[in-house]
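K.L.:
Need a 3D model of the sequence below.
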Amino acid sequence: MNSKKFITLLFSISLLISSELKASDECFEGASRAVFKFNMGFDKAIIKPIANGYNKLPEPVKNGTSNFTSNIATLLSIPNHVLQGNLKGAGDATASFLINSTFGIIGLANPAEKLGLKAQKEDVGQTLGAYGVGAGCYFVLPILGPTTARDTIGMLADSFIDPFAHVTLREKELFGSSGNQFDYLAVKGTTAVDFRADNATNFDSLEKNSIDLYASFKSLYLQNRENKIKNSNEVEAEWGNLDN
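P.N.:
From the prediction side, this is the model:
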């Protein structure tokens, strides 16, 4: 099955499973709470210590790492801008990637932002939302965290339109050599650690002050996704980017 047929199939499935359920509905709340508890334990045992160590790195190293992962993420934004009919956004994202990848030394610096080119992150879940596909039921995945029916399908579709995923995960199909999944996973993992480190204070405050931490994470996630579909930065201004 080629990429176009696969994405069309995913879009059709999205319409079917999201039409009757609102994002506030939970298909598996009991299971999701159990997975959430596991994820919090995994965070405390592994992710948080790594993030604390990451925060002790020199600022130039942290900034360079953050810029590099953000620049790679721009590759996924470009086709999603096109799918949403936002040609200006696609042009800005393309220009940002090219400038940062060359003058910014493979994305370690961000000269594009100084030129007024701030690439907004887009993914297939947002694209589906822009087309009016409902979020569907909310649930929590192991390690990956909170999601919805629409966003889960979006995550699957992302790897089919993300140029970076094509090069790293499908290198054998494209070039006749073995793919290097480690590169893809390393960038995704580094992105997650960078996010966790940037929001260490927010995580601690939320855990300390929430009566129901599960419900708080759910509310933050759903607000963040809704604002991203509307291209609003209301939640991101206070919490950062909730998409890992």
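
K.L.:
When you work out contacts or count neighbours from here on, use the C-alpha atoms and nothing else.
P.N.:
Will do.

K.L.:
show me what contacts D123?
P.N.:
By C-alpha atoms under 8 Å, 6 or more residues apart in numbering, the residues touching D123 are L76, S77, N80, G154, M155, D158.

K.L.:
Closest one of the residues you listed to G41?
P.N.:
Nearest to G41 among the contacts of D123 is M155, at 23.9 Å by C-alpha to C-alpha.

K.L.:
E122 is in contact with the closest one, correct?
P.N.:
No - if you go by C-alpha atoms under 8 Å, M155 and E122 don't touch, sitting 11.6 Å apart.

K.L.:
Quick check on these two: which one has the bigger neighbour count.
P.N.:
Legend: neighbour count by other C-alpha atoms under 10 Å for M155 and E122, higher for E122 (22 against 14).

K.L.:
Is the more buried one in a helix, a strand, or coil?
P.N.:
coil (DSSP: H, G, I helix; E, B strand; the rest coil).

K.L.:
From what I see, it and N80 are in contact.
P.N.:
Yes - if you go by C-alpha under 8 Å, E122 and N80 touch, sitting 6.0 Å apart.

K.L.:
Among the contacts of D123, name the buried ones.
P.N.:
Among the contacts of D123, those classed as buried by 16 or more other C-alpha atoms under 10 Å are L76, S77, N80, G154, D158.

K.L.:
Distance check, A95 against S159.
P.N.:
22 Å (C-alpha to C-alpha, to the nearest Å).

K.L.:
How about the secondary structure of G136?
P.N.:
Here G136 is recorded as coil under three-state DSSP.

K.L.:
Look up how far I78 lies from it.
P.N.:
Look at G136 and I78: by C-alpha to C-alpha, they are 25 Å apart.

K.L.:
try F36
P.N.:
For F36 relative to I78 (C-alpha to C-alpha), the value is 32 Å.

K.L.:
The two: which is more packed in?
P.N.:
I78 (27 against 22).

K.L.:
tell me the contacts of that one?
P.N.:
Going by C-alpha under 8 Å, 6+ apart, the list of residues near I78 reads G89, A90, G91, A93, T94, E122.

K.L.:
Go again with 10 Å.
P.N.:
Residues in contact with I78 (C-alpha atoms under 10 Å, 6 or more residues apart in numbering) are 86-87, 89-94, 97, 119-123, 161-163.

K.L.:
Quick one: buried ones out of those?
P.N.:
89-94, 97, 119-123, 161-163.

K.L.:
Looking at those, which is nearest V193?
P.N.:
Of these, the one sitting nearest to V193 (C-alpha to C-alpha) turns out to be K121, at 17.7 Å.

K.L.:
Ramachandran coordinates for the closest one?
P.N.:
Main-chain dihedrals, K121, degrees, to the nearest 10: phi -70, psi 130.

K.L.:
can you check E26 too?
P.N.:
Dihedral pair for E26: phi -120, psi 120, per degrees, to the nearest 10.

K.L.:
Also G145?
P.N.:
Main-chain torsions, G145, degrees, to the nearest 10: phi 90, psi -160.

K.L.:
doesn't F36 make contact with it?
P.N.:
Yes - counting by C-alpha atoms under 10 Å, F36 is a contact partner of G145 at 7.2 Å.

K.L.:
between the two, what contacts are shared?
P.N.:
Both G145 and F36 are contacted by F139, F217, under the criterion C-alpha under 10 Å, 6+ apart.

K.L.:
which residues do E122 and N80 both contact?
P.N.:
Taking C-alpha under 10 Å, 6+ apart as the criterion, E122 and N80 both touch T74, G89.

K.L.:
buried ones in the helix or strand hosting P79?
P.N.:
Applying DSSP states H and E as the criterion places P79 in helix 59-83. Residues of helix 59-83 classed as buried by neighbour count (16+ other C-alpha under 10 Å): 62, 64-81, 83.
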